[in-house]
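Asks: Build me a model from this:
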Amino acid sequence: MMQKIDTKVIVPTYNEADNIDELLQTILDLPVPVGVIVVDDNSPDGTGEKADLWAKKYPDQVDVIHRAGKLGLGTAYIAGFKLALTMPHVNRVMTMDADFSHHPRFIPDMITLSKRMHVVIGSRYVPGGGTENCTWDRILLSRVANLIAKTILGLKAMDTTAGFRLYRREVLESIPLDKIFSSGYSFLVEMLFMCQRRGWQIGEVPIIFEDRRAGTTKISREEIFKAQYTILRLLARRLLGRSPRHPSKPIVTL
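Replies: So this is what the prediction gives:
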């Protein structure tokens with residue numbers, strides 16, 4: 001008898017047909033009860049259609065959201081969050097990339113730490129973490145962006161720009177998702193800022209971030225400018241007291 005699915009993994013996709021089958025199989029084969037929500041932005045390579053076949057075969061484990069086009073990473077996550085929160089048995093919601101840069105093998109460790117932390121980050125920058133097969137310029141870009149976010153916004157996590165995350169249900173329910181301004185990769189920084197300011201306890205699990213196995217990267221120069229703007233906007237909110245810091249909240253065992 002299959003265990004109750006209490007964790008949903010949100011996987012935004014755009015032209016990930018080369019990865020989606022292997023990724024979904026790897027996630028569903030994990031020794032923990034995990035389901036997947038694929039949020040596809042009308043991929044012309046047929047990623048959404050492939051995901052539909054998985055949802056038809058595994059209706060209790062795989063859900064698919066189809067969107068009209070590329071609407072941004074942040075809005076894809078929000079669409080997935082909203083669907084997951086309609087499922088009363090789901091206590092944890094995760095986010096990860098579809099290209100195996102976030103490997104599913106780290107998911108069980110992240111779920112384990114979520115028993116003691118409200119938010120868990122799959123982190124490159126804690127002992128045991130790192131990167132593999134990445135170009136030097138991408139590594140430098142990531143480290144600089146991370147340092148800027150930590151310094152300017154006072155974020156305590158070591159890996160502030162990581163998209164491999166787990167949020168407990170109560171965390172997402174505390175955040176006004178429709179009021180999040182960021183839509184691209186800067187959404188990740190804004191979410192972490194809001195989680196920390198609300199007093200949620202944040203932990204990190206070491207992962208090895210691997211360069212994508214197939215397809216092309218989605219990071220553009222426009223995304224970099226948007227991230228810079230987001231950090232300055234959040235700094236203004238912090239300095240003006242529009243995001244007051246709340247005391248740390250206790251952990252309630254799931």
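
Asks: Show me where this structure has its helices.
Replies: 20-28, 47-57, 73-85, 107-113, 136-153, 169-173, 186-197, 221-239 (DSSP state H).

Asks: List the beta-bridge partners for the closest residue to Met117 other than its chain neighbours.
Replies: Distances taken as CB to CB, 6 or more residues apart in numbering place Gly203 nearest to Met117, at 3.5 Å, with adjacent residues excluded. (Each C-beta comes from the backbone N, C-alpha and C, glycine too.) Under DSSP bridges, the beta-bridge partners of Gly203 are Val120.

Asks: Next, count neighbours for Gly203.
Replies: 17 (other CB atoms under 10 Å).

Asks: still on that earlier bit, got the helices of the chain as TSV, with mean pLDDT and distance to Asp6 columns?
Replies: Listed next are the helices of the chain as TSV, based on pLDDT from 0 to 100; distance: least, CB to CB, whole Å:
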stretch	mean pLDDT	distance to Asp6
helix 20-28	98	14
helix 47-57	98	19
helix 73-85	96	11
helix 107-113	98	9
helix 136-153	85	31
helix 169-173	97	9
helix 186-197	93	20
helix 221-239	76	32
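
Asks: residue contacts, the spatially most central residue of the chain?
Replies: Centroid-nearest residue in the chain: Thr95, 2.9 Å away (criterion: CA atoms, centre = their mean). Each residue near Thr95 by CB atoms under 8 Å, 6 or more residues apart in numbering is listed here: Val9, Ile10, Tyr77, Gly80, Gly163, Phe164, Arg165, Tyr167.

Asks: one more time with 7 Å
Replies: Thr95 is in contact with Ile10, Tyr77, Gly163, Arg165, counting by CB atoms under 7 Å, 6 or more residues apart in numbering.

Asks: so the first one touches Thr75, yeah?
Replies: In other words, Ile10. No - Ile10 lies out of contact with Thr75 (CB atoms under 7 Å); the separation is 11.8 Å.

Asks: the more surrounded of these two?
Replies: Here Ile10 and Thr75 are compared on neighbour count by other CB under 10 Å; more neighbours surround Ile10, at 24 against 20.

Asks: Mind pulling up the pLDDT for that one?
Replies: On pLDDT, Ile10 comes in at 98.

Asks: ok, now Ser182?
Replies: Taking Ser182 on its own, its pLDDT is 79.

Asks: give the contact list for it.
Replies: Ser182 sits in contact with Gly74, Glu190, Thr230, where contact means CB under 7 Å, 6+ apart.

Asks: could you redo the last one with a cut-off of 10 Å?
Replies: With contact set as CB atoms under 10 Å, 6 or more residues apart in numbering, Ser182 has these partners: 72-75, 188-191, 193, 226-227, 229-230, 233-234.

Asks: same question, His246
Replies: By CB under 10 Å, 6+ apart, the residues touching His246 are Ser174, Gln196, Arg197, Arg198, Gly199, Trp200.

Asks: Just want to check the distance between it and Leu240.
Replies: Distance of His246 to Leu240, computed by CB to CB, to the nearest Å: 17 Å.

Asks: buried ones in stretch 83-96?
Replies: Of the residues in stretch 83-96, Leu83, Ala84, Met87, Val90, Asn91, Arg92, Val93, Met94, Thr95, Met96 count as buried by neighbour count, 16 or more other CB atoms under 10 Å.
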